[in-house]
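A.B. asks: Predicted model, plus sequence, below.
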2 protein chains.
Amino acid sequence: MTKPAAPAFGRPLTTVDVVILTIRAEALQVLLVQRPRQPGEPFPGQWALPGGFVDIERDQDLQGCALRKLAEKTGVDSPYLEQVGSWGSATRDPRGWSTTHVYMALLADATLAPQKGGNAADLRWAPVEGDGVSVPLAFDHADLLGAALGRVRGKTEYTSLPAHLLPPDFTLGELQHVYELVLGRPLEKKAFRTRMLAAGLLEELGTLKDTGRRPASLYRLREQSGLVYFTRSFEQRERA
Amino acid sequence: MTKPAAPAFGRPLTTVDVVILTIRAEALQVLLVQRPRQPGEPFPGQWALPGGFVDIERDQDLQGCALRKLAEKTGVDSPYLEQVGSWGSATRDPRGWSTTHVYMALLADATLAPQKGGNAADLRWAPVEGDGVSVPLAFDHADLLGAALGRVRGKTEYTSLPAHLLPPDFTLGELQHVYELVLGRPLEKKAFRTRMLAAGLLEELGTLKDTGRRPASLYRLREQSGLVYFTRSFEQRERA
DNA sequence: GGAATAGTGTCTCTAAGACAATATATG
DNA sequence: CATATATTGTCTTAGAGACACTATTCC
């Protein structure tokens, strides 16, 4: 049996799924879409990660496909976007051998287009609880979500990643709070501030944030867009 | 225009490529295969990463496909295997919109089947130089290789990953030497030994390695197969 | 002044960097 | 003993953990 150079038949299905994360209501939340109820659609009416088939007419590449799906659901077009990995097997989709390329996008809640990402009946934000969400997800999306959450939490230990969950201007207190929400544990204030300021990833803006009491300095990420890697992880504290 | 639930046409090609790494001749080396010269094959005669189309009849999942390709080329069936990521675009393969799922496998040189992985005319080991190899690679394989090398070097800074490039029993000196080959810089002997022993990832065997002079203690990875993550990176030393 | 949040001082502790010193094998 | 490699001792240093203290705002 000879192997065809480019098999015309027997090609797996190719999809892209996007784990869209933000901070809302004091919690890390993920955007879910409801599966259509048309006949022939698998998992009708169930919640799933936004995603779908690669459109080889419209999509130039996988990242472009992920950005398209993100923009369709949220209106956001330049988030922090990172590939999580790919999954593929004979059984993960009842329609046949299928693969998915999983991306995760981090956004600030405030950057969401107001009419999108929350009002449509087939869209909802679900708070992250442990390794997933409280509703069951279609396909193997619970696995994909778990992997993305593992990635976010892992990188939160030693990179500036969570800064991308905030609007451009933020205080050190807000930044620390996001780290704590993602990690699910408190961090030492002094060590946190020292690390962030020593890393040189922030620029201090002249202005202050006028909250109830003493105003805090505002900071912004320096022009670089990428992540800053710290040489140490946050260490586990004894007293939770 | 309605979107079909499972597009019968317009499916991208789906391949898996494997970056197979080992230490030979005092260098990190990667296994390359020569592209076939049959008409219709892209990049005839050029060197490439081992890989090919997912066979939906034989492969249960992507990792199984990667393991199959690894075994075909090297005879090894249980290496350290990790997914690097996936690539896909309209232009990366002249035959059409294509995706590839990239895995990397780390092996000990000694575990290679002797008749494979080196003697066949269409297989060769190429030493890693900088971010790639000295020969040009087919497709976008230079990018894929670069990503895998970045992953290996990154994880070498803060995990036990390079231990999987050695045979089961090794000395701390050999382990440090592998770290240094991967990173391309010397490490402090005392700090290295303290870190490795404190991490509790090794078990000391009673026996010693009989080399020319004073014999060294032999160690073996504890039963766990996974990686151990250190809480600090190796830091850059001033004097190279 | 009281409350609340922002920001600092300072002590301890761990593990890395530097590098010298000692230990154990062969010839 | 000379030599080579293995292994340990020890001093310094950077940065995290702990936590108390000061600073600035509104009321």
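C.D. replies: Now that the structure is in, tell me what you want to look at.

A.B. asks: What residues sit buried inside stretch A:213-227?
C.D. replies: Buried residues in stretch A:213-227, defined by neighbour count with 16 or more other Cβ atoms under 10 Å in any protein chain shown: A:Leu218, A:Tyr219, A:Leu221, A:Leu227. The C-beta positions use only the backbone N, C-alpha and C, and glycine is treated the same way.

A.B. asks: What is the end-to-end distance of that stretch?
C.D. replies: The distance separating the two terminal residues of stretch A:213-227, taken as Cα to Cα, to the nearest Å, comes to 32 Å.

A.B. asks: any idea of the mean pLDDT for it?
C.D. replies: Rounded to a whole number, the mean pLDDT of stretch A:213-227 is 90.

A.B. asks: near chain B at all, that stretch?
C.D. replies: No: no part of stretch A:213-227 sits close enough to chain B to count as contact by Cβ under 8 Å from any Cβ of the partner chain; the gap is at least 11.8 Å.

A.B. asks: So which residues make contact with that stretch?
C.D. replies: Where contact means Cβ atoms under 8 Å, 6 or more residues apart in numbering or on different chains, the residues beyond stretch A:213-227 that reach it are A:155, A:159-161, A:163, A:168-173, A:175, A:200-205, A:207-209.

A.B. asks: now it, how far from the centre of its chain.
C.D. replies: Taking the mean of its C-alpha atoms, stretch A:213-227 sits 21 Å from the chain's own mean (Cα atoms, centre = their mean, to the nearest Å).

A.B. asks: Next, see if it gets close to DNA strand D.
C.D. replies: Yes: judged by Cβ under 7 Å from any atom of the strand, stretch A:213-227 and DNA strand D are in contact via A:Arg213, A:Arg214, A:Pro215.

A.B. asks: hang on, the earlier thing: can you say which of the contacts of stretch A:213-227 are buried?
C.D. replies: Buried subset of the contacts of stretch A:213-227 (neighbour count, 16+ other Cβ under 10 Å): A:Lys155, A:Thr159, A:Ser160, A:Leu161, A:Ala163, A:Phe170, A:Thr171, A:Leu172, A:Leu175, A:Leu201, A:Leu202.

A.B. asks: which ones among those residues are found in helices?
C.D. replies: A:Lys155, A:Leu172, A:Leu175 (DSSP state H).

A.B. asks: Tell me, please, the helix or strand in chain A that averages the lowest pLDDT.
C.D. replies: strand A:202-209 (a mean of 85; mean pLDDT, DSSP states H and E).

A.B. asks: neighbours around A:Lys190, how many?
C.D. replies: When neighbours are defined as other Cβ atoms under 10 Å in any protein chain shown, A:Lys190 has 8 of them.

A.B. asks: what's the answer for A:Asp131, then?
C.D. replies: Under the neighbour criterion other Cβ under 10 Å, A:Asp131 is assigned a count of 13.

A.B. asks: In this structure it contacts A:Gly146, no?
C.D. replies: Yes: between A:Asp131 and A:Gly146 a contact is recorded at 4.6 Å, counting by Cβ atoms under 8 Å.

A.B. asks: What count of nearby residues applies to A:Arg193?
C.D. replies: Burial of A:Arg193 is recorded as 15 neighbouring residues (other Cβ under 10 Å).

A.B. asks: Can you name the helix or strand that it falls in?
C.D. replies: When secondary structure is defined by DSSP states H and E, A:Arg193 falls within helix A:189-198.

A.B. asks: and the angle from that helix to strand A:202-209?
C.D. replies: Between the direction of helix A:189-198 and that of strand A:202-209, the angle (axes from the mean of the first three to the mean of the last three Cα atoms, to 10 degrees) works out to 120 degrees.

A.B. asks: Out of the buried residues of stretch A:213-227, list just those in strands.
C.D. replies: Cross-referencing the buried residues of stretch A:213-227 against strands under DSSP state E gives A:Leu218, A:Tyr219, A:Leu221.

A.B. asks: which one of the residues you listed sits closest to A:Tyr103?
C.D. replies: The nearest member of those to A:Tyr103, counting by Cβ to Cβ, is A:Leu221 at 20.6 Å.

A.B. asks: partners of the closest one in the sheet?
C.D. replies: Here A:Leu221 sits in beta bridges with A:Leu202, going by DSSP bridges.

A.B. asks: For DNA strand D, see how far away it is.
C.D. replies: When Cβ to the nearest atom of the strand, to the nearest Å is the yardstick, A:Leu221 and DNA strand D sit 18 Å from each other.

A.B. asks: For that residue, give its distance to DNA strand C.
C.D. replies: A:Leu221 sits 16 Å away from DNA strand C, going by Cβ to the nearest atom of the strand.

A.B. asks: try A:Leu81
C.D. replies: Using Cβ to the nearest atom of the strand, one gets 29 Å for the distance from A:Leu81 to DNA strand C.

A.B. asks: Touching, that residue and A:Met104? I think so.
C.D. replies: Yes: with contact defined as Cβ under 8 Å, A:Leu81 reaches A:Met104; the gap is 7.4 Å.

A.B. asks: Name the residue in the two with the higher neighbour count.
C.D. replies: Neighbour totals were compared for A:Leu81 and A:Met104, and A:Met104 leads with 25 against 18 (other Cβ under 10 Å).

A.B. asks: So for the more buried one, what's the pLDDT?
C.D. replies: Reported pLDDT for A:Met104: 98.

A.B. asks: Is the helix or strand harbouring it in proximity to chain B?
C.D. replies: In this assignment (DSSP H and E), A:Met104 forms part of strand A:98-106. Yes: contact of strand A:98-106 with chain B (Cβ under 8 Å from any Cβ) involves A:Thr99, A:His101.

A.B. asks: when you compare where that strand runs with where strand B:98-106 runs, what's the angle?
C.D. replies: Comparing the axes of strand A:98-106 and strand B:98-106 via the same axes, to 10 degrees yields an angle of 80 degrees.

A.B. asks: Following the chain onward from strand A:98-106, which element is next?
C.D. replies: Next in line after strand A:98-106, if elements are assigned by DSSP H and E, sits strand A:123-127.

A.B. asks: quick one: secondary structure of the residue nearest to A:Pro36 when sequence neighbours are not counted?
C.D. replies: Take A:Pro36 and drop its neighbours on the chain: the residue closest to it by Cβ to Cβ, 6 or more residues apart in numbering or on different chains is A:Pro44, 6.8 Å away. Under the three-state scheme (DSSP: H, G, I helix; E, B strand; the rest coil), A:Pro44 adopts coil.

A.B. asks: on that earlier part again, pick the one among the ones in helices among the buried ones among the contacts of stretch A:213-227 closest to B:Thr74.
C.D. replies: When these are compared for distance to B:Thr74 (Cβ to Cβ), A:Lys155 wins out at 32.5 Å.
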